[in-house]
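Q: the sequence and its predicted three-dimensional model are supplied below.
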Amino acid sequence: MSQTTLFINDIKKTIIEYSITKEGDRAIDEAVIKLPPSVDINASDVITIIQDMIPTNNLSAIYNFGENLSDESGNKNKSTASAGITYIDGQWGGKALSFNGTSTYSEVDDATNLNFDGEFDTFIWVKWSSTNKQYLLTKRTTSSNGLGISVNHTTAGDVAVEVGGTDLVSSSAGFNDGANHLIRITRDSANLVTLYVDKISKGTATISGNLTTTGKLRIGRDESNTYFTGSMDSVRLYKGSPASLIFGNKVYDNRNPRTVMKFGGTAAKIKKEIIFKQAQCFSHGKELAEVEIRGDIYDNKTPEYIIEDLITNNTNLSFVNKGGSTGISLTKYIANGKLIDILRDFSALTGFIFYTDALKQFIFEPNKFTNIDFTFEHGVNSISNETKYDDTEIVNDLIVLGENLRYRSEETFTGNGSDTEFTLNDGAVSTRVTVAGTQKIPEEDYAVDALGKTIKFITAPSGSIVVDYEYEKPLYIRGTRQSSIDTHGIHAKRLIMPWIKNRNDGVRFIQSYLSKFKDIRLNIKVEIPTLFNSIQENDIIHVKNDIKNIDNDFVVKGIKWKYPDSTTIIDGGEYSFDFLEIDKQITEKLHDLEDAFTTNKEIREYESPEEVMVINDIVVQFVTEDMTETLNIVDTPVIYDKTNNNWGSGTYGSRVTGSVYVSE
């Protein structure tokens, strides 16, 4: 039995192997799949990969309620919510669906794989405190047919399953204690129905009967409008042989409601061999990199409004805002360029992140880091390796060459009638030359070598020579970080950045750059001999390796799952921006946004010395810098964040060396 399922254009297909690489900051994930030669696949086919902690063979629907009612099984049994339904915080940093007991519920249209005739398996993570009889889930038209799962059935806090009008009630009660409980109902090939609560069997009964009905699947109520009061973290439905007890217990032990639908996108490159076909696939976020925006103008709009408008009008993705208001508005903004670059600009500007999922949703939410409270110990449940970038990767002496500036100079020489070549102090780009008061003609009387800084006459001049010329030099700004130089020696870097047009812009860039690259960067690679599903980018993991003296927290930057190897490879590290070219581009493009700000503090001050910036009363970061002509910068303890520059949203980090203050 496989824990993975492949869909090509919504049809299940056989798969030989795959690898999925997720790097959420780019919103474009990749999957490479191998298929039997008989499987038909073409470029632009829609690819969906389901990967779960237990076998997916009989999977009908999974609702993880991550602020939506989407079915993550690949079977598209989408649920529709009633008015007034809300989401609350659930387990492991996830969300839960909240029911008010009077009017809220969700329902799914009848489908073949939701008719529980014969064998079936169901899991419901639920929490309630009520005492009156209520229904968690039903699939029936009357109380005498179909399937119903209720609580407080005969005694407050009990659990019951109603199969075709026959009831099986738990042998104990008191589960209405306001804690999360996993309710599992199974029926095997001998019609033995078993009711579990938190992995423990609470009763069995042999109940036959066909449960096929045309009724809708309802979550949070029954067909007679008896509603549930409480919350649910997830619902799993299987039509077919129940999973083994070991797998069933996994659902309880791994209660992290992370996504099951690990990849959704399109096939891009097909390679056909004799014994297999291979397809390179890119996630739906690839569309963001392909769309070009040309001069869309926005007046007095918020970043979230602009992003939603750009996504809705230019892509096939649906916009989901999980973070509410950014608290920022822009007086005038003109969107130009690749859509993904525009989105990165706003992400860096607002402290929000964006990503796409397998359900073709574009999600925009505040950057957050979830501590999953899991330790990967070398030699016990994983293999871990620590890497430190070589000292040459440290940048502690940075020169920025900005816009070329033009200057004017005049130099005089005395011609002796024999010398034809004279050396200038600078490389002339335009000249006016006189000899003994007579103006000479360029190219006829003399030639200028700007690179060699020389002027050469055709005929050796006599008398006073006056060279009036213009020359260019780039705006030059240099910054050093003495503490790093003292420790590691000088590691210099020069960047040519003609878009920097004044010294203040150059100072801001150098301060930001040297702050981020002031130390040797520490990265970690963790290899796990299983498909570890309960993890996402930006999670905080703990890694222990006694051999290499590692006992630290790390941020998950990238994840790769491989099947049938059944391995997970996690790349973790410190809060630092990995892609230097993108870093430069974002800094450049931020200038286009800053002038549009209408907040009461100019964004241009956000990197200036001895400033405190408040972003919507959420984050306050204290930055202190010592400034001289060469920008000798004193170490400042800050937390570095890949997505949104130096702004953080908690005190997490691989090596926490400072604080980011979060308001209540």
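A: Done, it's in.

Q: and the closest residue to R494 other than its chain neighbours, what element?
A: For R494, ignoring the flanking residues on the chain, the nearest one in space by C-beta to C-beta, 6 or more residues apart in numbering is I399 at 4.5 Å. For every residue, glycine as well, the C-beta is placed using N, CA and C. Element membership for I399 (DSSP states H and E) is strand 397-416.

Q: domain parsing for this protein?
A: As recorded under automatic domain parsing, the domains making up the chain are 53-259, 286-366.

Q: now tell me which of the ones you listed the model trusts least on average.
A: Averaged per stretch, pLDDT over the domains of the chain is lowest on domain 286-366, reaching a mean of 89.

Q: closest one to Q3 among the domains of the chain?
A: With respect to Q3, and counting by C-beta to C-beta, the nearest of the domains of the chain is domain 53-259 at 5.6 Å.

Q: what about G295, neighbour count?
A: Other residues lying near G295 total 7 when counted by other C-beta atoms under 10 Å.

Q: out of the domains of the chain, which is closest to H488?
A: Shortest separation from H488 across the domains of the chain is recorded for domain 286-366, at 28.2 Å, computed as C-beta to C-beta.

Q: just grab the bridge partners of Y471 for me.
A: Listed by DSSP bridges, the beta-bridge partners for Y471 are Y407, A428.

Q: let me redo that: A160
A: In beta-bridge terms (that is, DSSP bridges), A160 pairs with S150, V169.

Q: surely I47 meets G264?
A: Yes - under the contact definition of C-beta atoms under 8 Å, I47 touches G264, with a separation of 7.2 Å.

Q: ok so F247 is a helix residue?
A: Yes - counting by DSSP: H, G, I helix; E, B strand; the rest coil, one finds F247 located in a helix.

Q: for it, what are its contacts?
A: The contact partners of F247, by C-beta atoms under 8 Å, 6 or more residues apart in numbering, come to 53-55.

Q: of all the residues you listed, which comes closest to D565?
A: M53 (16.6 Å).

Q: just confirm the closest one is within a helix.
A: No - counting by three-state DSSP, M53 is not found in a helix; it is coil.

Q: burial count for it?
A: 19.

Q: how about H378?
A: 19.

Q: name whatever forms a beta bridge with it.
A: In this structure, H378 has beta-bridge partners S382, where bridges are defined by DSSP bridges.

Q: that one reaches H542, doesn't it?
A: No - when contacts are counted by C-beta under 8 Å, H378 is not listed as touching H542 (11.9 Å).

Q: on that earlier part again, please list all residues in contact with the residue nearest to R494.
A: Residues near I399 by C-beta under 8 Å, 6+ apart: 476-478, 492-495.

Q: can you redo these as a markdown table with neighbour count, distance to G74 and secondary structure?
A: Shown next, in a markdown table, are the contacts of I399 (neighbours: other C-beta atoms under 10 Å; distance: C-beta to C-beta, whole Å; DSSP: H, G, I helix; E, B strand; the rest coil):
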| residue | neighbour count | distance to G74 | secondary structure |
| --- | --- | --- | --- |
| Y476 | 12 | 58 | strand |
| I477 | 25 | 54 | strand |
| R478 | 15 | 56 | strand |
| A492 | 12 | 53 | strand |
| K493 | 17 | 48 | strand |
| R494 | 11 | 51 | strand |
| L495 | 18 | 47 | strand |
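
Q: so which of the residues you listed is the closest to I342?
A: Looking at the contacts of I399 and their distance to I342, the nearest is L495, at 23.1 Å (C-beta to C-beta).

Q: tell me who's in contact with the closest one.
A: 398-401, 584.

Q: of those residues, closest to N42?
A: The shortest distance between N42 and any of the contacts of L495, using C-beta to C-beta, involves K584 and amounts to 38.5 Å.

Q: picking up where we left off before, in the contacts of L495, find the pair that's most separated.
A: I399 and K584 (14.2 Å).

Q: and V448, how far from P461?
A: In this view, V448 and P461 are 14 Å apart by C-beta to C-beta, to the nearest Å.

Q: more neighbours, these two?
A: More neighbours surround P461 than the other of V448 and P461, with 25 against 21 (other C-beta under 10 Å).

Q: N314 reaches L288, doesn't it?
A: No - between N314 and L288 there is no contact, the gap being 9.2 Å when judged by C-beta under 8 Å.

Q: among these two, which residue is more densely surrounded?
A: Applying other C-beta under 10 Å to N314 and L288 shows that L288 carries more neighbours, namely 26 against 16.

Q: give me phi/psi at the more buried one?
A: phi -60, psi -30 (degrees, to the nearest 10).

Q: circling back to that earlier point, list residues touching both of N314 and L288?
A: With contacts taken as C-beta under 8 Å, 6+ apart, the residues that reach both N314 and L288 are L339.

Q: phi and psi next, for the nearest residue to R294 once chain neighbours are set aside.
A: Using C-beta to C-beta, 6+ apart and skipping the chain neighbours, the partner closest in space to R294 is N336 (6.6 Å). Backbone torsions of N336, given as degrees, to the nearest 10, read phi -140, psi 140.

Q: could I get the contacting residues of N336?
A: 293-295, 342.

Q: of the residues you listed, buried ones?
A: The neighbour-count test (16 or more other C-beta atoms under 10 Å) marks 293, 342 as buried among the contacts of N336.

Q: need the contacts of N336 in TSV (columns: distance to L330 and secondary structure).
A: Written out in TSV, the entries for the contacts of N336 read as follows (distance: C-beta to C-beta, whole Å; DSSP: H, G, I helix; E, B strand; the rest coil):
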residue	distance to L330	secondary structure
I293	15	strand
R294	19	strand
G295	16	strand
I342	13	helix
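
Q: tell me the one of the contacts of N336 nearest V429?
A: Out of those, the member with the shortest distance to V429 (by C-beta to C-beta) is G295, at 34.3 Å.

Q: what bridges to I20?
A: Applying DSSP bridges to I20 gives these bridge partners: A31, W561.

Q: gap between it and P55?
A: Applying C-beta to C-beta, one obtains 18 Å for the distance of I20 from P55.

Q: neighbour count winner among those two?
A: With other C-beta under 10 Å as the criterion, I20 and P55 differ in neighbour count, and I20 comes out ahead with 22 against 18.

Q: okay, the more buried one: pLDDT?
A: Here, the pLDDT recorded for I20 equals 96.

Q: if I pick T530, what's in contact with it?
A: Counting by C-beta under 8 Å, 6+ apart, the residues that T530 touches are 566-568.

Q: try it again at 10 Å.
A: Remark: with contacts taken as C-beta atoms under 10 Å, 6 or more residues apart in numbering, T530 is in contact with 3, 53, 381-382, 566-568.

Q: next, it: secondary structure please.
A: When classified by three-state DSSP, T530 comes out as coil.

Q: related to what we said a few turns ago, tell me which residues in the strand holding I399 are buried?
A: The neighbour-count check on strand 397-416 (16+ other C-beta under 10 Å) flags 397-402, 411, 413, 415 as buried.

Q: out of the residues you listed, which is nearest to V151?
A: Minimum separation from V151 among the buried residues of strand 397-416 (C-beta to C-beta) is found for L398, which lies at 63.6 Å.

Q: separation between the residue nearest to the closest one when sequence neighbours are not counted and Y513?
A: In space, L398 comes closest to G479 once its chain neighbours are excluded; the distance is 5.0 Å by C-beta to C-beta, 6+ apart. In this structure, G479 and Y513 are separated by 8 Å, where distance is defined by C-beta to C-beta.
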